[in-house]
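1. Generate coordinates for the sequence data below:
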Amino acid sequence: MHDILPADQPYWERINQVIKNLARAYGFERLDTPILEETDLFVKGTGADTDIIEKEMYTLRTKGGDQLTLRPEFTPAIMRAYLENGLSGLPHPVRIYSVGPIFRYERPQKGRYRQSHQANFEIIGEKEAVIDAQLIQLFFAMSKELNLKNLVVQINSIGCPNCRPAYRKKLVNFYKNRKKELCLNCQKRLEQNPLRLLDCKETKCQRIAQEAPQIIDQLCGDCHNHFKNVLEFLDEVNIPYMLNPYLVRGLDYYTKTVFEVLPEGEEGDSAEGGARQKRQIALAGGGRYDGLIKLLGGKDTPAAGFAIGLDRIVNLMKEKSVKIVQQKRPLVFLIQLGDLAKKKSLKLFEELRRAGLEVASSFSRDTIKSQLKTADRLEARFSLILGQKEVLDETIIIKEMVSGIQETVPLAKVVKELKKRLRK
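-> Now for the predicted structure:
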């Protein structure tokens with residue numbers, strides 16, 4: 001886990017503002033779910049045989065005997081909130097987004113933290129391929145706003161309950177004579193979740209996976225047409241993508257489209273390299289999960305969504321030296337000398353702020369020299385100097401920081417005078 005230090009806050013503020021603006025533009029409304037959920041929600045929704053459930057969850061038992069888990073991902077929690085709070089009764093599609101921390105007990109490595117931060121976008125109640133493409137388009141709109149370039153989508157289709165069983169059988173037949181060559185985890189996956197054999201990071205398993213039958217060749221007509229339409233929509237909006245037949249993602253609820261977004265050139269030249277790399281630097285990932293809501297007790301409702309790794313976005317922005325335009329600098333710096341002036345300045349500071357002026361001060365410093373030095377560092381355009389004499393006379397000194405010219409004006413007219421000068 002890690003601290004987000006003051007020096008990094010501008011990156012987070014910028015990212016959160018872009019997310020908020022794009023969510024509004026694309027018609028998403030915000031939903032915040034609790035950090036703690038019942039453990040069974042994730043076991044049922046994410047999949048009992050996934051790495052998240054088997055290895056990565058922070059789970060606790062309360063004094064009352066409830067088994068709870070720190071949220072390892074958003075989607076099951078959002079679907080639970082959708083079902084419990086009457087959102088299923090709203091006109092569909094329902095567009096929801098969430099931002100916040102997730103918790104996974106993972107091996108620390110570049111861009112991964114045991115408490116990390118995600119933004120999730122979910123579209124519930126729409127089965128058309130254009131939705132899959134629009135979610136990817138939304139991420140690329142975000143990356144453009146953040147000045148992140150040269151990104152590429154890795155994309156695949158993992159079929160549906162109609163065509164996946166036949167592929168699963170074919171995959172098991174391929175692997176059964178190679179079981180002893182697999183890592184221990186994959187030997188277990190062969191029995192429980194064969195698709196995840198393609199996603200293993202072990203070198204020896206990746207070599208075998210390159211010879212495995214590809215699901216893209218086994219899709220039913222509906223899945224084939226859906227995937228073809230997704231790619232055609234991506235072509236239409238000029239989003240770069242590459243087909244990755246080994247991309248399955250580690251969650252049981254996915255159907256049809258799955259995708260991840262990576263920096264171009266870092267996705268690996270082979271399946272082996274790609275799998276190893278994408279686990280470290282994928283910026284976003286998601287897909288379609290048409291059966292999840294029914295699995296959680298709701299009606300059969302199609303849905304699609306994706307998650308953005310915000311910590312990784314920040315790291316990439318820093319690596320690429322993306323400049324963050326700070327908020328407007330303080331144009332006015334309030335200098336006070338003596339206790340009487342400090343008392344008066346507290347009220348004046350708020351008056352200036354409420355008047356819409358950018359204002360800063362340093363109440364803990366007593367000398368005019370130190371306060372003027374701070375005003376220079378903040379690149380203030382004007383300094384207001386208030387001493388005991390000015391308080392008694394009900395005046396204040398306006399000092400132009402560049403020229404050094406200063407003028408005494410009535411305290412009651414300082415806001416009007418400053419606005420006039422700022423307009424010039």
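2. now the end-to-end length of stretch 84-99.
-> 20 Å (C-alpha to C-alpha, to the nearest Å).
3. could you say what helices and strands the host helix or strand of Thr257 packs with?
-> For Thr257, the element it lies in under DSSP states H and E is strand 255-263. For strand 255-263, the elements it packs on are helix 129-145, strand 151-157, helix 221-236, helix 271-281, strand 284-288, judged by 3 or more C-beta pairs under 8 Å, 6 or more residues apart in numbering; DSSP states H and E. Every residue, glycine included, has its C-beta placed from N, CA and C.
4. what angle separates the longest one from strand 255-263?
-> Just to be clear, that refers to helix 129-145. On the basis of axes from the mean of the first three to the mean of the last three C-alpha atoms, to 10 degrees, helix 129-145 is oriented at 10 degrees to strand 255-263.
5. cool, the second one as well?
-> Between strand 151-157 and strand 255-263, the angle formed by their directions is 160 degrees, by the same axes, to 10 degrees.
6. For the following helix or strand past strand 151-157, give the mean pLDDT please.
-> The helix or strand immediately downstream of strand 151-157 is helix 164-176, counting by DSSP H and E. For helix 164-176, mean pLDDT is 88.
7. any residues touching helix 164-176, and which ones?
-> The contact list for helix 164-176, computed with C-beta atoms under 8 Å, 6 or more residues apart in numbering, reads 158-159, 182, 190, 194-195, 197, 208, 211-213, 215, 218.
8. which among those end up buried?
-> Burial by neighbour count, 16 or more other C-beta atoms under 10 Å: within the contacts of helix 164-176 this picks out Ile158, Gly159, Leu182, Leu190, Pro194, Leu195, Leu197, Ile208, Ala212, Ile215, Gln218.
9. phi, psi of the last one?
-> For Gln218, the backbone dihedrals (degrees, to the nearest 10) come out as phi -110, psi 10.
10. before we move on, the earlier item: show me which of the buried ones among the contacts of helix 164-176 is closest to Gln371.
-> Compare each of these with Gln371 using C-beta to C-beta and the shortest gap goes to Ile158, at 63.2 Å.
11. list the contacts for the closest one?
-> Per C-beta under 8 Å, 6+ apart, neighbours of Ile158: Arg164, Leu195, Ile215, Val248, Arg249, Tyr254, Thr255, Lys256, Val258, Gly287.
12. make it 10 Å
-> 164, 167, 195, 198, 215-216, 219, 223, 227, 245, 247-249, 254-258, 287-288 (C-beta atoms under 10 Å, 6 or more residues apart in numbering).
13. in the protein, which ranges drop under the pLDDT threshold?
-> Scanning the chain with the threshold set as pLDDT under 70 gives 47-55, 107-111, 250-251, 266-280, 326-330.
14. Can you give the domain ranges for it?
-> Listed domain ranges for the chain are 6-163+219-319, 332-418 (source: automatic domain parsing).
15. Nearest approach to Val325 belongs to which of the ones you listed?
-> It's domain 6-163+219-319; of the domains of the chain, that one is closest to Val325 (C-beta to C-beta) at 7.9 Å.
16. Just the endpoints, please. Distance across the closest one?
-> Domain 6-163+219-319: ends 18 Å apart by C-alpha to C-alpha.
17. How far off centre is that domain?
-> Put simply, domain 6-163+219-319 sits 9 Å off its chain's centre (C-alpha atoms, centre = their mean, to the nearest Å).
18. Look up how far Val99 lies from Thr33.
-> For Thr33, the distance to Val99 (C-beta to C-beta, to the nearest Å) stands at 11 Å.
19. Identify the contacts common to these two.
-> Phe74, Asn120.
20. got the buried residues for stretch 72-90?
-> In stretch 72-90, counting by 16+ other C-beta under 10 Å, buried: 72-83, 87-88.
21. From one end of it to the other, what's the distance?
-> 27 Å.
22. which of the domains of the chain is buried the deepest?
-> domain 6-163+219-319 (a mean of 18; mean count of other C-beta atoms under 10 Å).
23. follow-up on the earlier one: identify those among the buried residues of stretch 72-90 that sit within helices.
-> Per DSSP state H, helices hold the following members of these: Thr75, Pro76, Ala77, Ile78, Met79, Arg80, Ala81, Tyr82, Leu83.
24. What is the nearest of these to Glu13?
-> Checking those against Glu13 with C-beta to C-beta, the nearest one is Ile78 at 24.2 Å.
25. I figured the closest one hits Asn120, correct?
-> Yes - taking C-beta atoms under 10 Å as the definition, Ile78 is a contact partner of Asn120 at 6.7 Å.
26. what touches both of the two?
-> Leu31, Thr33, Ile96, Tyr97, Ser98, Gly305.
27. of all the buried ones among the contacts of helix 164-176, which two lie farthest apart?
-> Between any two of the buried ones among the contacts of helix 164-176 (C-beta to C-beta), the greatest distance is 22.7 Å, for Gly159 and Leu182.
28. need the strands for the stretch 251-400 of the chain, in chain order.
-> Assigned by DSSP state E, counting those that start in this stretch, the strands in the stretch 251-400 of the chain fall at 255-263, 284-288, 303-309, 332-336, 359-361, 382-386, 395-400.
29. Show me the one of those that comes nearest Val130.
-> The nearest among the strands of the stretch 251-400 of the chain, by C-beta to C-beta, is strand 303-309 at 10.4 Å.
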